[in-house]
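Make a model of this:
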Amino acid sequence: MKRTSLLNHGLIPLSVLAVVVLTASTGRTADIPDKTDPAKVVGVESCTKCHKSELAALDASSHHGSLEKMKAPNAPKYIAAVGGKKDVCFTCHGTPKGDGELQAISDVSCESCHGGAGDWLDIHGKEGVAQVGRHAGADEGGMIRAPKVYTIAKNCFNCHVVFHEELVNAGHPASNKIEFLGWSTGEIRHNFQKNQAKNAEAPSAWAEYAGGKTEDRRRLKLVVGHLVDLEVCLTNLGKVTNGKGGFAKGNSKRAKAALGEVEDIADELGDAAPELDDAIKAAKELGRFSSISVKSKQIAAAPDAAAAVAKAAVAVSEKYDGSTFGAIDKMVGKAKPRGTPYSP
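As a prediction, this is how the structure comes out:
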């Protein structure tokens with residue numbers, strides 16, 4: 001079936017509306033991670049005036065059409081597994097909007113990643129306001145901008161590593177093969193801020209006002225991405241009720257792999273980022289990660305370990321720009337883009 005263009009309409013296909021734009025009557029489900037505030041969502045059509053190439057890139061990516069998966073054969077089983085709470089599903093498969101009762105108004109879209117625009121849309125590109133003022137206003141309004149590498153990564157992993165135990169134990173995959181650096185530089189790349197005809201390797205407006213360099217940003221994204229991967233898996237382990245279920249096993253296996261990546265990075269960087277040692281220590285105190293079963297003592301200790309890893313990830317994101325991380329360039333080079341970046 002041909003997908004309706006987000007760029008042209010800002011809506012999901014009509015055939016999906018009948019299935020998906022059903023409200024979640026009790027509002028935001030309690031165990032959904034802190035993502036875009038549905039009450040602040042304004043809709044992708046508000047972005048088209050200034051960001052046509054960005055929207056075209058979104059149209060060309062697998063994020064467009066994400067709500068189609070809620071029509072898959074297994075969808076009724078998965079929805080039943082979460083108690084019929086469709087917002088559990090369309091929080092990640094779409095863009096939820098509402099205050100109380102929620103609707104999926106489109107596929108994954110701009111506000112899924114950059115935050116609900118209700119409090120920052122006007123100031124974000126307001127003419128006659130100095131750049132520093134626009135940035136400050138956008139930050140205050142909750143916009144997730146290019147400098148916020150940790151928050152960007154967290155938004156990605158909060159969906160690509162599934163957060164709901166019953167959903168995964170019903171057969172939904174626990175995660176996909178997301179690796180933050182590679183996936184964020186592939187088909188979803190949309191860095192057209194300074195030139196709508198050129199999809200730059202790094203956010204071009206950020207590179208100009210912050211003096212940022214592509215190679216430094218890639219290094220930082222690799223480090224922060226693996227830390228956030230570990231953090232989200234540990235957070236999920238802290239919610240486990242069935243230590244032998246797919247949710248427990250999937251997150252344990254993924255946490256082990258993420259910890260290995262962080263350890264390899266720490267070995268290469270040495271003293272260049274001592275915060276990594278704190279994250280490693282906290283994760284290793286949980287003991288051996290198993291793909292067979294997760295122990296109750298690990299489940300109990302996982303939230304504190306996740307918080308320690310999060311603290312390290314935030315510190316690395318805010319303290320460093322990647323310029324001192326040259327020792328991991330070989331690892332950076334192995335992070336291959338997922339798909340081809342859009343070109344007008």
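
Okay, helices next: where are they in the stretch 101-250 of the chain?
Counting by DSSP state H, counting those that start in this stretch, one finds helices in the stretch 101-250 of the chain at the ranges 110-114, 121-124, 131-140, 149-160, 165-169, 180-184, 204-210, 214-237, 246-269.

Quick one: neighbours of residue 270, just the number.
By the criterion of other CB atoms under 10 Å, residue 270 has 10 neighbours. C-beta coordinates here come from the backbone N, C-alpha and C atoms, glycine included.

sorry, back to before: relative to residue 88, tell me which of the helices of the stretch 101-250 of the chain wins on proximity.
Of all the helices of the stretch 101-250 of the chain, helix 165-169 sits nearest to residue 88, with 6.8 Å by CB to CB.

List the buried residues for stretch 297-307?
Residues of stretch 297-307 classed as buried by neighbour count (16 or more other CB atoms under 10 Å): 298-299, 301-302, 305-306.

same check, this time on stretch 63-72
Going by neighbour count (16+ other CB under 10 Å), the buried part of stretch 63-72 is 63-70.

With stretch 255-272 instead?
For stretch 255-272, a neighbour-count test (16+ other CB under 10 Å) marks 255-256, 258-259, 261-263, 265-266, 268-269, 272 as buried.

And the pLDDT at the closest residue to residue 321 other than its chain neighbours?
In space, not counting the residues next to it along the chain, residue 321 is nearest to residue 216; the distance is 5.3 Å by CB to CB, 6 or more residues apart in numbering. Residue-level confidence at residue 216 comes out at 98, pLDDT.

In helices, which of the buried residues of stretch 297-307 fall?
Among those, DSSP state H puts 298-299, 301-302, 305-306 in helices.

which one among those residues gets closest to residue 284?
Each of these was checked against residue 284 using CB to CB; the closest is residue 305, at 8.9 Å.

Dead centre of the chain: give me the residue that sits there.
When the chain is reduced to its mean C-alpha position, the closest residue under CA atoms, centre = their mean turns out to be residue 156, at 1.1 Å.

And that residue, how close does it get to residue 99?
In this structure, residue 156 and residue 99 are separated by 25 Å, where distance is defined by CB to CB, to the nearest Å.

do residue 278 as well
As for residue 278, its distance to residue 99 is 39 Å (criterion: CB to CB).

just checking, residue 321 touches residue 220?
Yes: between residue 321 and residue 220 a contact is recorded at 6.4 Å, counting by CB atoms under 8 Å.

more crowded one of these two?
Each of residue 321 and residue 220 had its neighbours counted (other CB under 10 Å), and the higher figure belongs to residue 220 (23 against 18).

Hmm, residue 320 and the more buried one touching each other?
Yes: with contact defined as CB under 8 Å, residue 220 counts as touching residue 320 (6.3 Å).

Please name the residues that touch residue 82.
In this structure, residue 82 makes contact with 29, 88-89, 164, 166-167, judged by CB atoms under 8 Å, 6 or more residues apart in numbering.

same thing with residue 255?
Contacts of residue 255 (CB under 8 Å, 6+ apart): 230, 233-234, 237, 283, 289.

Next SSE downstream of the worst-scoring helix or strand of the chain on mean pLDDT?
With mean pLDDT, DSSP states H and E as the measure, the helix or strand of the chain carrying the lowest mean pLDDT is helix 14-20 (a mean of 32). For helix 14-20, the following helix or strand on the C-terminal side (DSSP states H and E) is helix 52-60.

So what's the model's average confidence on that following helix?
Model confidence over helix 52-60 averages 97 on the pLDDT scale.

before we move on, what about stretch 316-327?
The pLDDT scores in stretch 316-327 average 98.

So what would you say the end-to-end distance of that stretch is?
Across stretch 316-327, the terminal residues are separated by 16 Å (CA to CA, to the nearest Å).

how about that stretch: buried residues?
Of the residues in stretch 316-327, those buried by neighbour count under the rule 16+ other CB under 10 Å are 316-317, 320-322, 325.

right, and the pair among these with maximum separation?
For these, with distances taken as CB to CB, the pair at the greatest spread is 317 and 325 (12.4 Å).

what residues are shared contacts of these two?
Taking CB under 8 Å, 6+ apart as the contact rule, the neighbours common to residue 317 and residue 325 are residue 220.

so residue 144 touches residue 117, yeah?
No: under the criterion of CB under 8 Å, residue 144 lies out of contact with residue 117, with a separation of 10.4 Å.
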